[in-house]
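In: Got a sequence here, can you model it:
(4 chains)
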4 protein chains.
Amino acid sequence: MTHSIRAKLATRAKLATRAKLAAEFIGTALLLAAVVGSGIMAEALAGGNTAIALLANTIATGAILFVLITVFGPVSGAHFNPAVTLAFLLRREITPSAATIYILIQIVGAIAGVLLANAMFDLDVIQTSQKIRSSGGQWLSEGVATFGLVLAILLSVRFRPDAVAAVVGLYITSAYWFTASTSFANPAVTVARQFSDTFAGIAPAGVTAFILAQLAGMAVAVAADRLFAGGQKDG
Amino acid sequence: MTHSIRAKLATRAKLATRAKLAAEFIGTALLLAAVVGSGIMAEALAGGNTAIALLANTIATGAILFVLITVFGPVSGAHFNPAVTLAFLLRREITPSAATIYILIQIVGAIAGVLLANAMFDLDVIQTSQKIRSSGGQWLSEGVATFGLVLAILLSVRFRPDAVAAVVGLYITSAYWFTASTSFANPAVTVARQFSDTFAGIAPAGVTAFILAQLAGMAVAVAADRLFAGGQKDG
Amino acid sequence: MTHSIRAKLATRAKLATRAKLAAEFIGTALLLAAVVGSGIMAEALAGGNTAIALLANTIATGAILFVLITVFGPVSGAHFNPAVTLAFLLRREITPSAATIYILIQIVGAIAGVLLANAMFDLDVIQTSQKIRSSGGQWLSEGVATFGLVLAILLSVRFRPDAVAAVVGLYITSAYWFTASTSFANPAVTVARQFSDTFAGIAPAGVTAFILAQLAGMAVAVAADRLFAGGQKDG
Amino acid sequence: MTHSIRAKLATRAKLATRAKLAAEFIGTALLLAAVVGSGIMAEALAGGNTAIALLANTIATGAILFVLITVFGPVSGAHFNPAVTLAFLLRREITPSAATIYILIQIVGAIAGVLLANAMFDLDVIQTSQKIRSSGGQWLSEGVATFGLVLAILLSVRFRPDAVAAVVGLYITSAYWFTASTSFANPAVTVARQFSDTFAGIAPAGVTAFILAQLAGMAVAVAADRLFAGGQKDG
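Out: Numbering: from 1, shown residues only, chains lettered A, B, ... in the order given. Now for the predicted structure:
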């Protein structure tokens, strides 16, 4: 290989990496802006009816997930979620160093998105949530929610790659309601939601337990997924 | 065929069977966790407005059906419903022994999902519903609901296999509202919903009549479907 | 052609016709059962908040339209609507005699669906609506609603046949809200909704004007569509 | 080339242009009729609960966007939005003269749609909104909303052209809730919504700042998009 071809390939790889990181950053930021922003709007308008507020929050979140995964999936895989990145690491589909960078970018992007939501609603940009989220049921919920999310992603990536965006958007749409914790199911989301003292916030004291439950659910999903690797119908 | 090839094929078949049963178990469990869990959440938040509670319950159920059928369909066919399995048995597309195992697993999975929902919301894990569901209109509703569900499945499997997940999710979304019984349309779901004394529960006394109505609706659908077997446009 | 081949072809054609008529009958009946049934359920649960009732009615209607068009489209074209059948007649894509039979079956199916909804909710099976629907704005609305519906169908049949079910379901989802009449947009639906004195009913005095407005909107859509026949991008 | 072939080609080009302009006019008019009409209906029925009104407005808008982009996309590209047309102009995918005509038609169509909505609801056809929309947070919101919309369009046009209609419909569904301005994100929409003193209106004093914020967001999206031009996964 000549020097000039090698240089071109290196430039191209650098551009691809930059695109991936930009996709994870913008995607996770817009996801959190949607989660937190729609929570602020919904609570402001719902006149105290929390079911209506959560319904609006649900629809806004599910819809933006479909959009972000559809448009950034072809660039970075559209993880937006350290639990998803770690699942691919356990399956050796991403290198440890790439996974580390993905996760850092996701956390930074998530926090940026929360601050953006605060700013769009003319609130203090940096806040700390006072909303206590802590109970055995909520931890079980985070485990179940992340198990289902990661398993659904692994199966749809394998069997129906065109449906991943719809699967994730609709899974979260459902899980917001069927879990006691409203399904954070994402460590970057959990970290970032500390920074808004609004509808979607979580007090810092609850963050670690949520993340541990999420990682446990993810690990079970990766194990369960092995059952299905060779189990395709007629396969 | 040598002994070793025969052994390999046997192992492979065993793995495929295990995958199918795991898919029916996990799928039916998550379906019931979503139906019952979202009912608990919705009733808790809706401030007494049952329409809002049912709307949230509807959206959570329709969304998870799309997800579960999309990801488990390629593994087990994603029945999650003894009425569907029996329809395929009437059409000789599944053997009696396989159908029996499917139905047992669906019932066990459904009950597991209900107990999981109870646990996620920090309620007693085992409960008995007190909600009476019993009237001529409700039995007619279950018959109509299951007729429509099974016919929609048989037709979409034949004409638009890629749309089955959307068809089932949206059919149930609609049928929750247009039937007086909120469309259980599934014997395993009916059995399992006895075990949660919450929004989605059904008192044990009403279970048998619901299931009989569902099986009648299923049988009519299988008969009606024969009209369409040769009736494709331009066919 | 021998006698026996001719006989076989005749039998086959008869079966195809029977399937088409069954599809139009069952489809239109289930559509009306969904429209009227979900209206009854929604009004009963909504505690006087008509917006919530209409939202549930909207979602149930849009969802069942997607389902019915997806599963019956390959059989009969899934018209379920005399305005749609007449549009295809104006375009000479259906014969006058076939159109006549389609329209009769649609009306009978629609009425059957309304009576079924009444029965499922333990109401008197035959009723007459008292709900006055009559104003210049409502007639304009029916014209606009049917114009948009028929134009969307003609264009999606031409350019995106796979999307017809989603287009119609989502068009009606929107039009329920953006027209003053909640978009009947269908003469068979209009005739049938006289027979339920519930949320979705229409008093007999208003029926004729609604249908005339619908037919006017349909005719304008067929004319407008000609603009687009040769106007495909890059075409 | 003979004279007669040249004449035929000229006629064909004229027909294609007429179809494009008709698509932009009808599409933008129906979009605004849906935005404003559903706002009027929703506010009338919601009994003072603004969250329910916005939810109905959101669903009606997202649904009609899917429909209009699906059916008019193959004709005109389905811009319906000067910010989108200008983004394609910056990327030299449309000529300045074609862009100018598109934008004029979009504005005229948008105003026609608002007047139509007023008429359908038996209101004065021409009105001036009194609803003040003006704050730093709202301008930031319009910038963010339009950035996200244009970036999502550019990326989905490049990577997933079949998903553009779903991406835009669901993006706006989400952005209605996660931005403080309810995401006008469209200069033609902003101009036209002055002309209805109802739920979706905007007082004339706020129009210019909204449009400037939208154009800024669009420009940032076009710049950001360059990051992704060569960044396709495995590319």
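In: where does residue A:192 fall, phi/psi-wise?
Out: Torsion angles at residue A:192 (phi, psi; degrees, to the nearest 10) stand at phi -70, psi -30.
In: What of residue A:93?
Out: phi -100, psi 0.
In: quick one: it from residue A:85, how far?
Out: Taking CB to CB, to the nearest Å as the measure, residue A:93 and residue A:85 are separated by 10 Å. For glycine as for every other residue, the C-beta is placed from the backbone atoms N, C-alpha and C.
In: And these two? Which one has more around it.
Out: residue A:85 (26 against 13; other CB atoms under 10 Å in any protein chain shown).
In: give me every residue that touches the more buried one.
Out: Residues in contact with residue A:85 (CB atoms under 8 Å, 6 or more residues apart in numbering or on different chains) are A:79, A:94, A:99, A:102-103, A:106.
In: will you turn the residues you listed into JSON lines that also has secondary structure, distance to residue B:141 and neighbour count?
Out: Formatted as JSON lines, these follow (DSSP: H, G, I helix; E, B strand; the rest coil; distance: CB to CB, whole Å; neighbours: other CB atoms under 10 Å in any protein chain shown):
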{"residue": "A:79", "secondary structure": "coil", "distance to residue B:141": "44", "neighbour count": "29"}
{"residue": "A:94", "secondary structure": "coil", "distance to residue B:141": "50", "neighbour count": "20"}
{"residue": "A:99", "secondary structure": "helix", "distance to residue B:141": "51", "neighbour count": "18"}
{"residue": "A:102", "secondary structure": "helix", "distance to residue B:141": "49", "neighbour count": "27"}
{"residue": "A:103", "secondary structure": "helix", "distance to residue B:141": "50", "neighbour count": "21"}
{"residue": "A:106", "secondary structure": "helix", "distance to residue B:141": "47", "neighbour count": "29"}
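In: May I ask which two of those residues are separated the most?
Out: Using CB to CB, the two most remote members of the contacts of residue A:85 are A:94 and A:106, lying 12.8 Å apart.
In: can you list the weak-confidence ranges in chain A?
Out: Within chain A, the segments meeting pLDDT under 70 span A:1, A:230-235.
In: Can you tell me the closest non-neighbouring residue to the residue nearest the centre of chain A?
Out: By CA atoms, centre = their mean, chain A has its centre lying nearest to residue A:81, at 3.9 Å. Take residue A:81 and drop its neighbours on the chain: the residue closest to it by CB to CB, 6 or more residues apart in numbering or on different chains is residue A:186, 4.3 Å away.
In: Just give me the neighbour total for that neighbour.
Out: Neighbours of residue A:186 (other CB under 10 Å): 30.
In: pretty sure it contacts residue A:83?
Out: Yes: using CB atoms under 8 Å, residue A:186 is in contact with residue A:83, at 6.1 Å.
In: Quick check on residue A:186: phi, psi?
Out: The phi/psi pair for residue A:186 (degrees, to the nearest 10) is phi -170, psi 110.
In: how close does it get to residue A:133?
Out: Distance, residue A:186 to residue A:133, by CB to CB: 14 Å.
In: cool, residue A:36 as well?
Out: 15 Å.
In: The two: which has the busier surroundings?
Out: More crowded of residue A:36 and residue A:133, by other CB under 10 Å: residue A:36, with 31 against 23.
In: thinking that one is in contact with residue A:112, fair?
Out: No: taking contacts as CB under 8 Å, residue A:36 lies outside contact range of residue A:112: 11.4 Å.
In: ok and the residue in chain A nearest chain C?
Out: Across chain A, no residue is closer to chain C than residue A:52, which sits at 8.7 Å (CB to the nearest CB).
In: mind listing what residue A:50 touches?
Out: Applying CB under 8 Å, 6+ apart, the residues near residue A:50 are B:45, B:47.
In: repeat that with 6 Å
Out: If you count contacts by CB atoms under 6 Å, 6 or more residues apart in numbering or on different chains, residue A:50 has them with residue B:45.
In: ok, now how distant is it from residue C:57?
Out: 23 Å.
In: now do residue A:61
Out: Counting by CB to CB, the gap from residue A:61 to residue C:57 is 25 Å.
In: cool, residue A:62 as well?
Out: Distance from residue A:62 to residue C:57, by CB to CB: 22 Å.
In: higher neighbour count, the two?
Out: Counting neighbours by other CB under 10 Å for residue A:62 and for residue C:57 shows that residue C:57 has the greater number, 28 against 25.
In: Show me which helix runs longest in chain A.
Out: helix A:3-45 (DSSP state H).
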